[in-house]
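Enquirer: missing the sequence, but the structure's below:
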């Protein structure tokens, strides 16, 4: 996957409505480091590849949660 796509996904994670503590735990990242990215103290564009891979893991989690919510609203999951 290219870096630009990973940055888009990372930004989606950062702007998601999920709690930072939960996302940091999923990503195996220090909570303060996560909030530094979310608050803009650290620029996600300058993140190392290893960090972007962690954000990719959280992105998949966010997508799965959103899909489950949509399916639940349709009555598919109960």
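Expert: That came in fine, so what should we check first? What you are looking at is a predicted structure, and each value in this text was computed from that prediction instead of being measured.
Enquirer: who's in contact with the residue most central in space within the chain?
Expert: Nearest residue to the geometric centre of the chain (C-alpha atoms, centre = their mean): residue 13, 3.0 Å. Listed by C-beta atoms under 8 Å, 6 or more residues apart in numbering, the contact partners of residue 13 are 23, 55, 58, 59, 62. C-betas here are computed from N, CA, C, even on glycine.
Enquirer: let's verify it: helix, strand, or coil?
Expert: With DSSP: H, G, I helix; E, B strand; the rest coil as the basis, residue 13 sits in helix.
Enquirer: excluding chain neighbours, what is closest to it?
Expert: Spatial nearest neighbour of residue 13, excluding adjacent residues (C-beta to C-beta, 6 or more residues apart in numbering): residue 58 at 4.7 Å.
Enquirer: how much space separates the one you found from residue 11?
Expert: Using C-beta to C-beta, to the nearest Å, one gets 12 Å for the distance from residue 58 to residue 11.
Enquirer: more neighbours: which of these two?
Expert: residue 58 (25 against 15; other C-beta atoms under 10 Å).
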